[in-house]
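*Asks:* Next one to model:
(chains A and B)
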Number of protein chains: 2
Amino acid sequence: MDKKALYHLSYGVFVLASKADGKMNGCITNTCMQVANSPTRVAVSVLNTNYTCDLIKKSGIFALTMLDDTCTFETIRFFGFQSGRDVVKFGCAELTDRNGIPYLGWQACAMLSCRVTESRDLGSHTLFIAEVEDAKVLSRNAPLTYADYQSRLKPKREEKPEAQERRIIGWRCRICRYYYEGSELPADYVCPLCGHGADDFEPVYES
Amino acid sequence: MDKKALYHLSYGVFVLASKADGKMNGCITNTCMQVANSPTRVAVSVLNTNYTCDLIKKSGIFALTMLDDTCTFETIRFFGFQSGRDVVKFGCAELTDRNGIPYLGWQACAMLSCRVTESRDLGSHTLFIAEVEDAKVLSRNAPLTYADYQSRLKPKREEKPEAQERRIIGWRCRICRYYYEGSELPADYVCPLCGHGADDFEPVYES
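*Replies:* Residues are numbered from 1 along each chain as shown, chains lettered A, B, ... in the order given. Sure thing, here's the model as predicted:
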């Protein structure tokens, strides 16, 4: 099985936000699609370790901001590569949807306001199926695709001179700086913090 | 609610094929995404009226071909705009996956071989969650996106002279030729045969 085949699935890039018990948070996801009509429903898959996942499970409501092609890496980093358990991502002056969930008014082409109708815990992720209660077009810009993000926005791998003489003691995620201890990183390893794969890790050498 | 916001979700374009009781069929879908790891699982949403949906419900297996940017409208028309209840879409000489399900070896960048682990009937569509049992990269071409299909492959609307003096008696889908009887087509109408929206219908005038 060549898991690289899965990289050919096309996705957008979204800020998924929710709130519960007076807390608000948002994370980056690329997995949202329309799954049914009458009423219009979407499915969203969210890592179970994400704080936003906890909030959606509690409140059953979320807002999805569809990022557009003016989006910068800083926006992805802000929402995607730090946890809402550690930092406050939304203040009090943001745009909010009909349920009081924040969404982005910049670098965004559209938004959906959704209410969960059913959910399935799939182990690594929870799949939420939700009715679209409101929807707005926010700009005329093209949607940011996950392929755009990979080819244009994501920091490039640094080419470093060979260091064969030094021993590898760990691997660091280039995206969120998560540290994996061990000399060999499994080829199918996925960063538990930001979800990027083994290709996005760089070796850490014995000093 | 502005339903045009949903057009900003990004998708690929796929041939979804299955077989059951000795019958094989394939249809076009744009809704497939990875939803979980360990094991790798995808979700696919399929119109309940599609013959391929019946076959997947019976056998619980399917193959997904990811079309690439060399794909022509004829391929989309062949698999998407006629029913496998009326025509044979796969013969006996095709490529098949490990379960004997056909996939395309041309105009395609990757394929997945999948086994359904659970399904949810959502009324208009059934959502299948399936484990990826095999995956192959088929070409180095870029995936065809649904946005490409809309902007580049789909037949353009013909500009016709105004015909205000004649009465509209029905609407015909420009894509699959489905006929809707009635002078007014609802703005949120979706073609029951090919899934295209009201924008893709043209008026039929009293003769």
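
*Asks:* As a check, name the ranges of all helices in chain A.
*Replies:* A:51-59, A:73-80, A:146-148 (DSSP state H).

*Asks:* Can you give me the buried ones in stretch A:187-206?
*Replies:* By neighbour count on 16 or more other CB atoms under 10 Å in any protein chain shown, the buried set for stretch A:187-206 is A:189, A:190, A:191, A:193, A:194, A:195, A:196, A:197, A:200, A:201, A:204. For glycine as for every other residue, the C-beta is placed from the backbone atoms N, C-alpha and C.

*Asks:* got the contact list for the residue lying closest to the third one once chain neighbours are set aside?
*Replies:* Across the structure, with CB to CB, 6 or more residues apart in numbering or on different chains as the measure, the residue nearest residue A:191 apart from its sequence neighbours is residue A:173 (4.6 Å). For residue A:173, the contacting residues are A:179, A:180, A:191, A:193, A:194, A:196, A:200, A:201, by CB atoms under 8 Å, 6 or more residues apart in numbering or on different chains.

*Asks:* could you dump those to TSV with pLDDT and distance to residue B:71?
*Replies:* Shown next, in TSV, are those (pLDDT from 0 to 100; distance: CB to CB, whole Å):
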residue	pLDDT	distance to residue B:71
A:179	93	43
A:180	94	39
A:191	88	33
A:193	83	37
A:194	83	33
A:196	87	29
A:200	89	30
A:201	92	34
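
*Asks:* Please parse chain A into its domains.
*Replies:* Chain A is divided into the following domains under automatic domain parsing: A:3-151, A:165-205.

*Asks:* Worst mean pLDDT among those?
*Replies:* Lowest mean pLDDT within the domains of chain A: domain A:165-205, a mean of 89.

*Asks:* Tell me how far that one lies from the chain's centre.
*Replies:* 19 Å (CA atoms, centre = their mean, to the nearest Å).

*Asks:* same question, stretch A:47-58
*Replies:* With CA atoms, centre = their mean, you get 12 Å for stretch A:47-58.

*Asks:* Buried residues, that stretch. List them.
*Replies:* So stretch A:47-58, judged by 16+ other CB under 10 Å, has buried residues A:47, A:50, A:51, A:52, A:53, A:54, A:55, A:56, A:57.

*Asks:* wait, what's in contact with the residue lying closest to the third one once chain neighbours are set aside?
*Replies:* With CB to CB, 6+ apart as the measure, residue A:84 is the residue that lies nearest to residue A:51, at 4.1 Å, once sequence neighbours are left out. By CB under 8 Å, 6+ apart, the contact set of residue A:84 is A:23, A:25, A:26, A:27, A:51, A:52.

*Asks:* sorry, back to before: narrow the contacts of residue A:173 to those in strands?
*Replies:* Among the contacts of residue A:173, DSSP state E puts A:179, A:180, A:201 in strands.

*Asks:* so the first one bridges to which residues?
*Replies:* For residue A:179, the beta-bridge partners are residue A:172 (DSSP bridges).

*Asks:* Any idea how many residues pack against it?
*Replies:* 11 (other CB atoms under 10 Å in any protein chain shown).

*Asks:* what's the spacing between it and residue A:207?
*Replies:* Going from residue A:179 to residue A:207 by CB to CB, to the nearest Å gives 14 Å.

*Asks:* How about the second one?
*Replies:* When CB to CB is the yardstick, residue A:180 and residue A:207 sit 17 Å from each other.

*Asks:* Mind checking which of these two has more residues around it?
*Replies:* More crowded of residue A:180 and residue A:207, by other CB under 10 Å: residue A:180, with 17 against 5.

*Asks:* if I look at the closest residue in space to that one that isn't next to it in sequence, how far off is chain B?
*Replies:* Sequence neighbours aside, residue A:171 is the residue nearest to residue A:180 in space, at 4.4 Å (criterion: CB to CB, 6+ apart). From residue A:171 across to chain B, the span is 18 Å (CB to the nearest CB, to the nearest Å).

*Asks:* can you check residue A:69 too?
*Replies:* 11 Å.

*Asks:* Strands of chain A, residue ranges please.
*Replies:* Counting by DSSP E, the strands of chain A are A:14-20, A:23-29, A:32-36, A:41-47, A:61-67, A:95-96, A:102-103, A:108-121, A:125-137, A:168-173, A:179-181, A:201-205.

*Asks:* got these as TSV, with distance to residue B:107 columns?
*Replies:* Formatted as TSV, the entries for the strands of chain A read as follows, by distance: least, CB to CB, whole Å:
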stretch	distance to residue B:107
strand A:14-20	29
strand A:23-29	30
strand A:32-36	22
strand A:41-47	27
strand A:61-67	28
strand A:95-96	42
strand A:102-103	37
strand A:108-121	29
strand A:125-137	30
strand A:168-173	36
strand A:179-181	39
strand A:201-205	34
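
*Asks:* between the ones you listed, which gets nearest to residue B:42?
*Replies:* strand A:41-47 (9.8 Å; CB to CB).

*Asks:* Give me the angle between the closest one and strand A:23-29.
*Replies:* 90 degrees (axes from the mean of the first three to the mean of the last three CA atoms, to 10 degrees).

*Asks:* can I get the CA coordinates of strand A:41-47 in PDB?
*Replies:* C-alpha atoms of strand A:41-47 as PDB (Å, rounded to 0.1, in the frame of the first residue of the first chain):
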ATOM      1  CA  ARG A  41     -25.400  18.800   5.900                       C
ATOM      2  CA  VAL A  42     -21.600  18.700   6.000                       C
ATOM      3  CA  ALA A  43     -19.100  16.300   7.600                       C
ATOM      4  CA  VAL A  44     -16.000  17.500   9.400                       C
ATOM      5  CA  SER A  45     -13.300  15.300  10.800                       C
ATOM      6  CA  VAL A  46     -11.300  16.600  13.800                       C
ATOM      7  CA  LEU A  47      -8.400  15.100  15.800                       C
END
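
*Asks:* Sheet partners, orientation included, of that strand?
*Replies:* Assessed with DSSP bridges, strand A:41-47 is paired to strand A:32-36 (antiparallel), strand A:125-137 (antiparallel).

*Asks:* winner for burial among the ones you listed?
*Replies:* Of all the strands paired with strand A:41-47, strand A:32-36 has the most neighbours on average by mean count of other CB atoms under 10 Å in any protein chain shown, namely a mean of 23.

*Asks:* Appreciated, that's everything.
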